[in-house]
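Student: Compute the structure for the input listed below.
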Amino acid sequence: MNQAIFIGAEGVVVLVIGGGGREHALCYALQRSSSCDAVFCAPGNAGIADSGDATCIMDLDIRNSLAVISFCQRWGVGLVVVGPEAPLVAGLVNDLVKAGIPTFGPSSEAAALEGSKDFMKKLCDKYGIPTAKYQTFTNVSDAKKYIEKQGAPIVVKVDGLASGKGVVVAETLEEAYGAVDSMLVKGNFGSAGRQIIVEEFLEGEEASFFALVDGENALPLASAQDHKRVGEGDTGPNTGGMGAYSPAPILTKELESVVMKSIILPTVKGMEAEGCRFVGVLYAGLIIDSKSGLPKLLEYNVRFGDPECQVLMVRLESDLVQILLAACKGQLSGVTLDWSKDSALVVVLASKGYPGDYKRGTIIKNLQEAEVAASKVKIFHAGTALDSHGNMVAMGGRVLGVTAMGSDIAEAQERAYQVVNEIVWPEGFCRGDIGWRAVSRLPVAK
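Tutor: The predicted structure follows:
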């Protein structure tokens, strides 16, 4: 790739929008890029600022496009990377692109792939993309009749954005009816739950598949797999993700090419045909159907997954600034990505009570000492702040992502938990089995 196309002598100033663990990982990878001059993160968080991976602009209102545009113009920002889904769906990218600022992320029209599950399912129907059979409902009794007819287990989802929590895998009819009531009657998910999707339960192993898209070309990223359930052995309610690892042994090269051919490329072409040209990351939540062995699409997210982004960014060896600029300019064809041969694994530390209610402002100690307790470990901050005494405190559900590299998943797992055990945070918890599926696939030493 001819770098002169993209950068002047000083390199690129980058602005990352968001303030979670995913954004910390993006800042970390961007500032390691040789063509990057400086990284800003808005709003960022205390841990990102403390780590030196970006300059955090806590008072920039990311919901106000004009304020973001004026910041970019004032600081000569040459690339904006939008992390979270809400500003994407709200149309921040549309406004920045209109102002002539190269921005990585989909327009609000294209972000409907994540913003509305009904939109995604209709696209699958129209373009022959394999997915679970489903129906969409706004009426409670119609939904319950359909559930009764289909039987349990069955899956009930809100149509709109719900921070990864608007999905109920119901083992019984009663549980499914309860999910319908919580969404359509009690309004527990607000406007996101005014319309719901009821779909068949698919048996199989889940996997995450990521591809960078420039409008017509798609470039697969390294494989990664996350742990959605809060409890060990993948039990309990769904969360935004309690840990992840990369590479994912389940995603073989053969499977990758099937996913590209049957799911990703038809989506990219379908979106273009619908007048919603997609630029950004397509994150396909897949299930490898145990009956057929073939991948089916469970859902799309239109941004880097969190916490999968953390394991991908520590393994990426290419210049991320160049890659994302190539995507913005429709120049991904011919681009190749270099990845570390090492494996990576992240353990998420969350506030006790998550994904339900939890206490904010609890103090986390020993972070700096913990980070050096094992080699090749990086702690990414998701929900941290500094209190008036300068203590690092937890301000979110998912708070830290302890990310380790190793020659295989087992070594990365060992290093991550070594560091986790050094962090002093009585009000926090984590799963003790992140990576168990991958480790169980490793050959046993004879």
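
Student: which residue packs closest to residue 272, ignoring adjacent ones?
Tutor: residue 216 (6.4 Å; Cβ to Cβ, 6 or more residues apart in numbering). The way it works is simple: take the backbone N, C-alpha and C, and place the C-beta from them, glycine included.

Student: same check, this time on residue 323
Tutor: residue 335 (6.3 Å).

Student: same thing with residue 66?
Tutor: residue 95 (7.9 Å).

Student: cool, residue 11 as well?
Tutor: residue 37 (3.6 Å).

Student: coming back round to it: ok so the residue nearest to residue 272 is a helix residue?
Tutor: No. Assigned with DSSP: H, G, I helix; E, B strand; the rest coil, residue 216 falls outside any helix and is coil.

Student: What distance do you get for it to residue 257?
Tutor: Taking Cβ to Cβ, to the nearest Å as the measure, residue 216 falls 18 Å from residue 257.

Student: More neighbours: which of these two?
Tutor: In this view residue 216 and residue 257 are compared by other Cβ atoms under 10 Å, and residue 216 has more residues nearby, 16 against 11.

Student: Quick check: the more buried one touching residue 330?
Tutor: Yes. Residue 216 lies in contact with residue 330 (Cβ atoms under 8 Å); the separation is 7.0 Å.

Student: tell me the phi and psi of residue 368?
Tutor: phi -70, psi -40 (degrees, to the nearest 10).

Student: go on, residue 315?
Tutor: Per degrees, to the nearest 10, the backbone of residue 315 is at phi -90, psi -20.

Student: That one against residue 342, yeah?
Tutor: Yes. Checked against Cβ under 8 Å, the pair residue 315 and residue 342 is within contact range at 6.8 Å.

Student: and residue 185, how many neighbours does it have?
Tutor: Neighbours of residue 185 using other Cβ under 10 Å come to 10.

Student: Pull the number of nearby residues for the residue nearest to it when sequence neighbours are not counted.
Tutor: Distances taken as Cβ to Cβ, 6+ apart place residue 140 nearest to residue 185, at 6.1 Å, with adjacent residues excluded. Using other Cβ under 10 Å, residue 140 has 15 other residues around it.

Student: And residue 140, its phi and psi?
Tutor: Main-chain dihedrals, residue 140, degrees, to the nearest 10: phi -60, psi -50.

Student: For the helix or strand hosting residue 438, give the mean pLDDT please.
Tutor: When elements are assigned from DSSP states H and E, residue 438 belongs to helix 436-441. Across helix 436-441, pLDDT averages out at 83.

Student: who touches it?
Tutor: Contacts to helix 436-441, defined as Cβ atoms under 8 Å, 6 or more residues apart in numbering, come from residues 205, 225, 233, 245, 248-250, 409-410, 413.

Student: mind running it again at 6 Å?
Tutor: Here helix 436-441 makes contact (Cβ atoms under 6 Å, 6 or more residues apart in numbering) with 245, 249, 409-410.

Student: May I see the PyMOL selection of the buried members of these?
Tutor: Selection of buried members from the contacts of helix 436-441 for PyMOL, criterion 16 or more other Cβ atoms under 10 Å:
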select buried, resi 245+249+409
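
Student: So for the contacts of helix 436-441, which is the shakiest by pLDDT?
Tutor: Among the contacts of helix 436-441, residue 249 has the lowest pLDDT, at 88.

Student: In three-state terms, label the residue nearest to the spatial centre of the chain for me.
Tutor: Centroid check for the chain by Cα atoms, centre = their mean gives residue 305 as the closest residue, at 1.2 Å. Here residue 305 is recorded as coil under three-state DSSP.

Student: Could you double-check that it lies in contact with residue 285?
Tutor: No. In this structure, residue 305 is not within contact of residue 285 by Cβ atoms under 6 Å, at 8.5 Å.

Student: which residues of the stretch 1-150 of the chain fall in strands?
Tutor: 12-18, 36-43, 55-56, 77-82, 103-104, 134-137 (DSSP state E, counting those that start in this stretch).

Student: Describe which strands the third one pairs with in its sheet and in which direction.
Tutor: Right, strand 55-56. strand 36-43 (parallel) (DSSP bridges).

Student: List the single closest residue to residue 238 in space, sequence neighbours excluded.
Tutor: In space, residue 238 is closest to residue 228, 5.0 Å off (Cβ to Cβ, 6+ apart).

Student: Give me the distance between the one you found and residue 157.
Tutor: 13 Å.

Student: Which of those two has more residues huddled nearby?
Tutor: Neighbours were counted for residue 228 and for residue 157 using other Cβ under 10 Å; residue 157 has more, 27 against 20.

Student: follow-up on the earlier one: count of neighbours near the residue nearest to residue 66?
Tutor: 19.

Student: Touching, it and residue 64? I think so.
Tutor: No. Counting by Cβ under 6 Å, residue 64 is not a contact partner of residue 95; they are 9.8 Å apart.

Student: What segments of the stretch 151-300 of the chain are helices?
Tutor: Taking DSSP state H, counting those that start in this stretch, the helices of the stretch 151-300 of the chain run over residues 173-180, 253-259, 265-273.

Student: Now tabulate those helices in CSV and tack on distance to residue 370 and mean pLDDT.
Tutor: Below are the helices of the stretch 151-300 of the chain laid out as CSV (distance: least, Cβ to Cβ, whole Å; pLDDT from 0 to 100):
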stretch, distance to residue 370, mean pLDDT
helix 173-180, 39, 95
helix 253-259, 35, 95
helix 265-273, 41, 97
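
Student: Those helices: which one's closest to residue 402?
Tutor: Residue 402 sits nearest to helix 253-259 of all the helices of the stretch 151-300 of the chain, at 27.7 Å, using Cβ to Cβ.
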